[in-house]
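Peer 1: Please find the sequence and the predicted model below.
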Amino acid sequence: MQKIEAVIQPSKLDAVKDALLEVGIEGMTILEARGHGRQKGHTEFYRGREYTVDLLPKIKLEMVIADELVEKAVQAIQSSARTGKIGDGKIFISRIDEAIRIRNDERGSSAL
Amino acid sequence: MSYNEFLFGSVMRSCFLWLLLVLSMCCSSAAVAQTASTPSTADRLAKLEAQVAQAQSSADNSWMLVSSALVLMMTGPGLALFYGGLVRKKNVLSTMMQSFAMMAIITLMWAIVNYSLAFGSGTSFIGSFHHMFLHGVGLTPDPDYAATLPLQTFMIYQLMFAIITPALITGAFAERMKFSGMAAFLILWSIVVYSPMAHMVWGKGGLLNASLGGRFPCLDFAGGTVVHVTSGVSALVCALYLGKRLGYPKDAMPPHSVVLSFIGACLLWVGWFGFNAGSALAAGTLATSAFVNTHFAAAAAAISWALAEWIRNGKPSALGAISGSVAGLVAITPAAGFVQPMSAIVIGLIAGFFCYFMVIKVKSWFGYDDSLDAFGVHGAGGTLGAILTGIFASSAINPIFKDANGVARASGAIDGNWHQVLNQLMGVAIAWVISIVGTLIVLKIVDATIGLRVTTEHESEGLDLTQHGEEGYDFAS
């Protein structure tokens, strides 16, 4: 079991969801987030005052999936979320020790 | 239908017609009998004249009641939304509440004493106490103010101006003033600054009154000096006296919702038709002039402010366009019933550029925290508009000055009466002085008693929670 966390552009959410569904990923959690990497935000003007907005709106997807699906999922996210411009986001992968389904106490990969 | 039925029907119809004919002849012979005792032509004419006057009064009154409602709409929701959107999320309700509080508080003040101080006959500077508790303010017109309106219509219309003027000031001390201090300050301000200024410009025997024999006839159609210069200059005094908001100008304090401000500004624009065209105090051609001028100036100023931004920042912003329209509306206010439509466009264009410059450049040069630009838009735009009125006023639109034979004399510089610009400057100077002195005195009094500013903890936490125990937005529920 591994966890994939992907930070993406909000406008790419639908494309990424569809691509993940296509490779057989059935569950995910989505968070509306703010952040920046090297992109460093933009400037806004209100009545002549300049405001630097460095924390930009992003979407963070989280999913815990079986090991054999990880590479397919990464490819699906990369190909669907990429615009080629700075600010496209990142993918993080980590190991997960245990998963438990609250409804019926199933454990391990059958709980996913 | 058989032939018999048809025949029966037609017989019935003709019987009915005959009956009608006989009845009507009876009636008309009765009428002929009555004409014998008909009133004389003179009586009938008198009756007709009374009816014509009543019809005129009804027409004027209906427009003025609608106008009164429109001007109230400028404060709430117009100004409340405009200002509410410009502050940070934690202060949205307290900012809206400051405008709304004026709708309630000033109304009672007006009934108790302020109307009497502004419009009662008194000295050249202030009215009297004769009309306290609206004594003598009934439904009979006062020909000095408006011959066709019930005096209470005039009174309630003027009240709406008295409400929005202090509400405009709240933009300067947004996000840092105690509710109690704000209420006390603006109650005293309405007595010390607004009432005398309204009396001088519009009251009987007022020093600056152009139509009721003032010493310096200052043209102020709908309140350029009375409303905008006083509120704007007092706003500047407040901003300087209270000092900057915590963290200004280092911390970012962008508007939390330009959408709210946008709706507010559009309501202001519409409400301003009541403000300016209503100031004709009748539903005649002068109201049309003022209506057209108001609209043209707002449009022109929206364009010039947005254009200035476009040139400087590369983008025309929504906030810039709506701020521009308000600046244009402010500047055309004193001129609305005096100038030609093309002059209104020129006034609007100048106002958009000028107020943009005041808000963007001058504010940062001097470093005062006029939080929502009450001075930059109303003080600066009002002063500019008052002076431009002296230049563009045309006797073809409003023959306000007449010689001994009742022939119209030149109004503004455009007619050749350059002297009017001096009268306008006099009006502006008096408005500035009374605003600075009056506001300082009142601020001192309230500061020494109730206190003006919230504690630093309260300011960081936000006035919604600390002053009212509420939050504007609760996304969790």
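Peer 2: Happy to help now that I have it. For clarity, every value in this text was computed on a predicted model and none was experimentally measured.

Peer 1: Figure out the helix or strand that the closest residue to residue B:110 other than its chain neighbours lives in.
Peer 2: Distances taken as Cβ to Cβ, 6 or more residues apart in numbering or on different chains place residue B:159 nearest to residue B:110, at 4.6 Å, with adjacent residues excluded. Quick note: C-beta positions are derived from backbone N, CA and C, even for glycine. Residue B:159 belongs to helix B:151-169 when assigned by DSSP states H and E.

Peer 1: Now do the buried residues in that helix.
Peer 2: B:151, B:153-169 (16 or more other Cβ atoms under 10 Å in any protein chain shown).

Peer 1: check contacts around residue B:130.
Peer 2: The contact partners of residue B:130, taken as Cβ atoms under 8 Å, 6 or more residues apart in numbering or on different chains, are B:116, B:120, B:121, B:136.

Peer 1: can we see that at 6 Å?
Peer 2: Listed by Cβ atoms under 6 Å, 6 or more residues apart in numbering or on different chains, the contact set of residue B:130 reads residue B:120.

Peer 1: Just read off the phi/psi values of residue A:59.
Peer 2: Per-residue torsions, residue A:59: phi -120, psi 130 (degrees, to the nearest 10).

Peer 1: ok, back up a step: now the helix holding residue B:159, how far from the centre of its chain.
Peer 2: How far helix B:151-169 lies from its chain's middle: 7 Å, per Cα atoms, centre = their mean, to the nearest Å.

Peer 1: what residues does that helix touch?
Peer 2: B:61, B:64, B:68, B:71-72, B:74-75, B:79, B:99, B:102-103, B:106, B:110, B:115, B:137, B:139, B:142, B:145-146, B:186, B:189-190, B:194, B:223, B:227, B:231, B:234-235, B:374, B:378.

Peer 1: Among those, which are located in helices?
Peer 2: B:61, B:64, B:68, B:71-72, B:99, B:102-103, B:106, B:115, B:186, B:189, B:231, B:234-235, B:374 (DSSP state H).

Peer 1: Of all pairs in those residues, which one is the farthest apart?
Peer 2: By the measure Cβ to Cβ, B:61 and B:235 form the most distant pair in these, at 34.3 Å.

Peer 1: So which of the two has more stuff around it?
Peer 2: Set residue B:61 next to residue B:235 and count neighbours by other Cβ atoms under 10 Å in any protein chain shown: residue B:235 wins out with 28 against 19.

Peer 1: list the contacts for the more buried one?
Peer 2: Going by Cβ under 6 Å, 6+ apart, residue B:235 touches B:169, B:172, B:374, B:375.

Peer 1: and the residues you listed as CSV, adding pLDDT and distance to residue B:209?
Peer 2: Below are the contacts of residue B:235 laid out as CSV (pLDDT from 0 to 100; distance: Cβ to Cβ, whole Å):
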residue, pLDDT, distance to residue B:209
B:169, 98, 24
B:172, 96, 29
B:374, 96, 26
B:375, 97, 26
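
Peer 1: Which PyMOL command selects the buried ones in these?
Peer 2: To isolate the buried ones among these in PyMOL, judged by 16+ other Cβ under 10 Å, type:
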select buried, chain B and resi 169+172+374+375
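
Peer 1: Kindly give the local confidence score, pLDDT, for residue 39.
Peer 2: Let's take chain A. As predicted, residue A:39 sits at a pLDDT of 69.

Peer 1: oops, I was thinking of chain B
Peer 2: At residue B:39, the predicted lDDT confidence score is 86.

Peer 1: What count of nearby residues applies to it?
Peer 2: Residue B:39: 10 neighbours (other Cβ under 10 Å).

Peer 1: Now do the SS call for the nearest residue to it once chain neighbours are set aside.
Peer 2: Spatial nearest neighbour of residue B:39, chain neighbours left out: residue B:47 (7.6 Å); criterion: Cβ to Cβ, 6+ apart. With DSSP: H, G, I helix; E, B strand; the rest coil as the basis, residue B:47 sits in helix.

Peer 1: Please report how far residue B:47 lies from residue B:289.
Peer 2: According to Cβ to Cβ, to the nearest Å, residue B:47 and residue B:289 sit 33 Å apart.

Peer 1: Neighbour count for those two, which is higher?
Peer 2: Higher neighbour count among residue B:47 and residue B:289: residue B:289, with 25 against 11, using other Cβ under 10 Å.

Peer 1: Would you agree that one falls within a helix?
Peer 2: Yes: when three-state DSSP is applied, residue B:289 is found to be in a helix.

Peer 1: Just give the nearest non-adjacent residue to it, would you?
Peer 2: Using Cβ to Cβ, 6+ apart and skipping residues adjacent in sequence, the residue nearest residue B:289 is residue B:397, 5.3 Å away.

Peer 1: Do you know the pLDDT at residue A:49?
Peer 2: pLDDT for residue A:49: 84.

Peer 1: Kindly report the same for residue A:46.
Peer 2: Here, the pLDDT recorded for residue A:46 equals 89.

Peer 1: One more: residue B:404?
Peer 2: So, for residue B:404, pLDDT stands at 85.

Peer 1: which ones are touching the residue of chain A found nearest chain B?
Peer 2: Per Cβ to the nearest Cβ, residue A:48 is where chain A lies closest to chain B, at 3.2 Å. By Cβ under 6 Å, 6+ apart, the contact set of residue A:48 is residue B:360.

Peer 1: State which helix of chain A is the longest.
Peer 2: Longest helix in chain A, counting by DSSP H: helix A:70-81.

Peer 1: what helices or strands is it leaning on?
Peer 2: The helices and strands touching helix A:70-81, judged by 3 or more Cβ pairs under 6 Å, 6 or more residues apart in numbering or on different chains; DSSP states H and E, are strand A:2-8, helix A:13-22.

Peer 1: In the longest one, which residues are buried?
Peer 2: Right, helix A:13-22. For helix A:13-22, burial by neighbour count (16+ other Cβ under 10 Å) applies to A:13, A:15, A:16, A:17, A:19, A:20.

Peer 1: Keep only the residues you listed that also lie close to chain B.
Peer 2: Counting by Cβ under 6 Å from any Cβ of the partner chain, nothing from the buried residues of helix A:13-22 sits close to chain B.

Peer 1: which one of those residues is nearest residue B:358?
Peer 2: The nearest member of the buried residues of helix A:13-22 to residue B:358, counting by Cβ to Cβ, is residue A:13 at 43.7 Å.
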